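Engineer: Coordinates only, no sequence provided:
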């Protein structure tokens, strides 16, 4: 076969219609730079403009039956072994070259709006995300005036800031997601320009200029050091380089001395090239807002940004006390890691080499490095169960315990925070004050059963006590004799005085920290009144991104560490909310302060230790309304005489397990599973994840859709009535929409949704193959991220009983339970059905 024999159908068979359409666009817009047919070897060789505009050598061997053996350096061809658009574009080019001239016109109808992106090889259904540029700045001029040019660097592509090239001038393919491309970020470039204007620059045609000598000196003193700390690459050229080199920098030198009770005295002085300088002239310059000092005919530069940041650190955590030497601040030992890391992040400040050895040791021990490895602990029977990063989490908790500190485990959803915590709690306590006292777990109502189940599975030797239900008061007296007490936030409030205030716990663990983010709520006030030797908070979200939540969480963990709320609001919360340079500085200061007490790992950080698919079951307590309706159905089932009647009862029980509104109007807010669903979804979204949500019941999807709308959560939707299935999938893949609601029958197969990395099964498929088929919408070829699968199961419901039967292998169910499902009727006896109903 030769190119003269090619037809559209033949080329479509090479890679499919989507690949053909992408290839057609490439060919129409001149991306095929050259192509040649070798009639002896039956090979087409050529060059194609790749995603970055550089030519790629592409070839394809045409076999007698019209199939091909292709080679292209692109990711799709090399990593996935798929026929790519570049190869097919080469075939289209050769096919057209053998056509009559009038036949070529049919290939000239691509909309102009699509041509630019397609010319760079971006698939039509790709998602575009603004890239994070690195900034370069070239500075020229004199003491009287400066000119600067700012370049935004995207990989190997450099673009002058303020230029008018469009977004797709940058096109960088994500190595993990074939449907994700990083494009130019005009907003980031504009922020860079605004930042420079804040130093007195005016915008010219291609450069920024300042003609004020005071502005020049201030920019040399504090502007350039600040930009370099933000990651800018700043180059001085010509006269201004010589002028800058001739102006020495004033350096603050910090001195640390030991003080009583584990505290430290911290002070600082100013030096120029190793010689002291009068602090008063520095202070005068700071009062004027200048970043330079005129000292005896010599100009000295001041990094005022660094000096003010240093002072803010001392103001934040130190007090001038009478017992400290004059000019020194008394700093409590707990602040050592924060002060040391904050000062070291400011390269303009020097730490005296003779500072107290105990300070160095304290700061190093507590200031957790991202790659820190902690002293191993013998974790006994769970040694072979925990993954390497989970063991590090247990070692970290033990390290905090030995140091007398409290911490926050903020691992991403699916990494096993519960297992790590239970492993640590199963160890003997290191503090004699904690020995023999129970540990208390406080969690959302929807997670009480999960904690109980995980403890029974992984630490069965621990004596567990669950405080829940209407008769829970009978368990209060047993609290001191338990190893592990589990209750909910809601019940803790009610039972606080009767069960908890007169007791002391070895550890109090709070799961889902967002439940105490509001300092004025009863949740927050109740847990803060508990007495314990040690405290731990768990969350799957990055608390640094929610400044308003941080104070209340740390007020539980380390009271007074962040000061009183009024001061925190004025110095941190409000500046961060206002944004800009001051807000960024306040946020960075907060991050440095809380960093030593937080451990957060992402899936991508521990990918080598994880399976491709992480599956967990989340048990959801049913509400009183759900339990009432279930009991009524169970009573009705006693009168059933046929499988058909029993299956009808089972169907309604399954609906009630989701939401009672599926069978009874007026029960709009009476679903425990709905509450649990949003716990899972909120955690996933806060971590930047996107979720596919499956349900067998369109009526349930309708409720979810309404709830998402009420909460302002954008989503896509697909059921059997959706006309444009591929259009809805394309909308999800091309955007950052976080949720896709999908019905089993409409979306179980045939969809490629690798933009999602979280799958939530709102109700279970009884057939594991069907469930896996739905999960594979996200977990398939082209998905390089780890996929987290969450199955929501209502407690004490038909759902839980079926799972138990499956686990025991006493019943194999290979079809969904339904009133018309002949296969399930033939495989289940009447007694089997009665067991599922709960009779």
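Structural biologist: Received, thanks. As the structure is a prediction and not an experimental result, all values here were calculated from the model.

Engineer: from here on, contacts and neighbour counts on C-alpha atoms
Structural biologist: Fine.

Engineer: Pull the contacting residues for residue 654.
Structural biologist: Contacts for residue 654 (C-alpha atoms under 8 Å, 6 or more residues apart in numbering) come out as 797-799.

Engineer: May I have the phi/psi pair for it?
Structural biologist: Main-chain torsions, residue 654, degrees, to the nearest 10: phi -60, psi -40.

Engineer: So it versus residue 379, what's the distance?
Structural biologist: Distance, residue 654 to residue 379, by C-alpha to C-alpha, to the nearest Å: 41 Å.

Engineer: same check, this time on residue 477
Structural biologist: In terms of C-alpha to C-alpha, residue 477 sits 30 Å off from residue 379.

Engineer: Who has more neighbours out of the two?
Structural biologist: residue 379 (17 against 9; other C-alpha atoms under 10 Å).

Engineer: Next one, pLDDT for that one please.
Structural biologist: On pLDDT, residue 379 comes in at 91.

Engineer: now do the one 4 residues further on
Structural biologist: pLDDT for residue 383: 91.

Engineer: and it, how many residues sit next to it?
Structural biologist: By other C-alpha under 10 Å, 13 other residues sit near residue 383.

Engineer: tell me the contacts of it?
Structural biologist: Neighbours of residue 383 in contact, by C-alpha under 8 Å, 6+ apart: none.

Engineer: same question, the one 3 residues further on
Structural biologist: If you count contacts by C-alpha under 8 Å, 6+ apart, residue 386 has them with residue 420.

Engineer: That one looks like it's in a helix, true?
Structural biologist: No - Residue 386 is assigned coil when assessed by DSSP: H, G, I helix; E, B strand; the rest coil, not a helix.

Engineer: Distance-wise, check it relative to residue 394.
Structural biologist: Taking C-alpha to C-alpha, one finds residue 386 at 10 Å from residue 394.

Engineer: Can you check the distance spanned by stretch 288-303, start to finish?
Structural biologist: 14 Å.

Engineer: Pull the residues that contact stretch 180-190.
Structural biologist: Stretch 180-190 is contacted by residues 122, 126-133, 152, 154, 161-162, 166-174, 734, 755 when judged by C-alpha under 8 Å, 6+ apart.

Engineer: got the end-to-end distance for stretch 377-385?
Structural biologist: End-to-end span of stretch 377-385 (C-alpha to C-alpha): 14 Å.

Engineer: need the contact list for residue 424.
Structural biologist: Shown in contact with residue 424 (C-alpha under 8 Å, 6+ apart): 379, 394, 397-398.

Engineer: How about residue 42?
Structural biologist: Applying C-alpha under 8 Å, 6+ apart to residue 42 gives the contacts 1-2, 61-63.

Engineer: Selection in PyMOL covering whichever of the residues you listed are buried, please.
Structural biologist: This is how PyMOL selects the buried members of the contacts of residue 42, with burial counted by 16 or more other C-alpha atoms under 10 Å:
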select buried, resi 2+61+62
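
Engineer: TSV for the contacts of residue 42, including pLDDT?
Structural biologist: Shown next, in TSV, are the contacts of residue 42 (pLDDT from 0 to 100):
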residue	pLDDT
1	83
2	87
61	89
62	88
63	85
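
Engineer: between the contacts of residue 42, which is closest to residue 93?
Structural biologist: residue 2 (12.9 Å; C-alpha to C-alpha).

Engineer: and residue 267, that's in a strand?
Structural biologist: Yes - assigned with three-state DSSP, residue 267 falls within a strand.

Engineer: That one - nearest residue in space that isn't next to it in sequence?
Structural biologist: In this structure, residue 267 finds its nearest non-sequential neighbour in residue 328, 4.4 Å apart by C-alpha to C-alpha, 6 or more residues apart in numbering.

Engineer: where does the stretch 201-350 of the chain dip in pLDDT?
Structural biologist: Scanning the stretch 201-350 of the chain for pLDDT under 70 picks out the ranges 204-206, 318-325, 347-348.

Engineer: that older thread, between residue 386 and residue 394, what contacts are shared?
Structural biologist: With contacts defined as C-alpha under 8 Å, 6+ apart, the residues adjacent to both residue 386 and residue 394 are residue 420.

Engineer: what residues go with each domain of the protein?
Structural biologist: Domain ranges of the chain: 3-123, 129-245, 249-366, 380-607, 613-837, per automatic domain parsing.

Engineer: Quick one, which of these gets closest to residue 374.
Structural biologist: Residue 374 lies closest to domain 380-607 among these, at 5.6 Å (C-alpha to C-alpha).

Engineer: hey, which helix or strand in the chain has the poorest pLDDT?
Structural biologist: helix 112-119 (a mean of 37; mean pLDDT, DSSP states H and E).

Engineer: So what touches the very next helix or strand once past it?
Structural biologist: Using DSSP states H and E, the next helix or strand after helix 112-119 towards the C-terminus is strand 127-130. Contact partners of strand 127-130, identified using C-alpha under 8 Å, 6+ apart, comprise 179-185, 733-736.

Engineer: Likewise for stretch 527-542?
Structural biologist: Applying C-alpha under 8 Å, 6+ apart, the contact partners of stretch 527-542 are 401, 404-413, 417, 433-434, 492, 500-501, 503-514, 553, 555-557, 600, 683-684, 686-687.

Engineer: Buried ones only from those residues, please, as a ChimeraX command.
Structural biologist: Buried members of the contacts of stretch 527-542, defined by 16+ other C-alpha under 10 Å, are picked up in ChimeraX with:
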select :401,405,406,407,408,409,410,411,412,413,417,434,492,500,504,505,506,507,508,509,510,511,512,513,514,553,555,556,557,600,683,684,686,687
